[in-house]
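> Below are the sequence and a predicted model for it; my questions follow.
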Amino acid sequence: MTDRKLLALNMSRKRLLSSALLLALTGCGSELYERRLSESVAYFQYREKVDQSLELRPWSNFGIEYRPPKGFTELAAPTEGEPDQRQPPFLGSPLPGLLGAFRGDVGVDIPGSEVRSMPAWVLLCSNHQLWMEKETNANIVPTGYFSNLSDVLADALKFKRNSAVDPWKFNDERVPRGVAYVPIKNYQYITLDETVDGVSMDVILFRYDVKDIQLAVIAVAPAAVDRRERFFEKMSLSMEQLTMSGEIPRSKQNSKPVGGGGI
């Protein structure tokens, strides 16, 4: 084979190798693009689902950010000296550590009834206040908050109290499931029931803690909620979106001053 033919053959081989490499790179780039596009579509579908299910503006206090189900509005806290009427009347005495309350109407499907909607509540309770009270009373035990709250709920709903001997059977939950677009968290929940004016009500107690901060999210809704409401799914999403700091609060008088110095 002459040098000219050998050179031509080598050039042809190089061109073929370059073409194959270009096709390979194009293929890899295409696969990467398709994968990223698919991930972006899945993410925006998730965000759309969350935004359609929950209020856009989160409630915020004590390092907590919580998005209630769509259509639930915050109830105003009472002024000093007035009774707190934010929670459902049948829960009896005020829930300890009530931080925020939301109310909305949900569709119901009650056989033999013409009622198509009923009120539902979401209540946020925590041990933040106990931590501040402990500054002046060393006998207060803020980490016993969940036990105290469950006793109040048990007495109001005429349930047996939660105890080490006969404990309530909480469900363990880890969210989000599948691809995690928000930080993973673990919480527990249990559904208690109550009959009010002949209507069965579900009282769902969610327990979530970060370090020594304990938060209870209590959802109260008719057991006959219309399936199209997807109420429990919305509550699960709201727990998924929930964020909370584990920082122990301090009362104002014990807070360190912030700002520059003076003369």
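Thanks, I have the structure now. Numbering: from 1, shown residues only.
> Let me see the confidence value for residue 94.
Looking at residue 94, its pLDDT reads 87.
> Around it, count how many other residues there are.
Residue 94 sits with 15 neighbouring residues when counted by other CB atoms under 10 Å. Where you see a C-beta, it was placed from the backbone N, CA and C, and this is true even at glycine.
> What of residue 149?
23.
> what does residue 150 give?
21.
> Same check on the one 5 residues further on?
Counted with other CB under 10 Å, the neighbours of residue 155 add up to 13.
> same check, this time on residue 181
Residue 181 has 13 nearby residues by other CB under 10 Å.
> again with the one 4 residues further on
Around residue 185 there are 16 other residues, counting by other CB under 10 Å.
> Which residue is the nearest non-sequential neighbour of it?
residue 175 (6.2 Å; CB to CB, 6 or more residues apart in numbering).
> quick one: the helices in the stretch 1-150 of the chain?
3-53, 128-133, 145-157 (DSSP state H, counting those that start in this stretch).
> Roughly how far does residue 46 sit from residue 86?
32 Å (CB to CB, to the nearest Å).
> With neighbour numbers in mind, choose between these two.
Neighbours were counted for residue 46 and for residue 86 using other CB under 10 Å; residue 86 has more, 19 against 16.
> Next, work out how far apart the more buried one and residue 74 are.
9 Å.
> between those two, what contacts are shared?
residue 101 (CB atoms under 8 Å, 6 or more residues apart in numbering).
> Can you pull out the low-pLDDT segments for this structure?
Within the chain, the segments meeting pLDDT under 70 span 1-29, 33, 37, 253-263.
> If we use 90, what do you get?
Low-confidence segments of the chain (pLDDT under 90): 1-46, 80-81, 83, 89, 92-94, 110-113, 176-181, 196-199, 227-229, 251-263.
> Tell me where it has strands.
For the chain, applying DSSP state E gives strands covering 59-61, 64-66, 73-74, 98-107, 117-126, 171-175, 185-196, 199-210, 213-222, 243-244.
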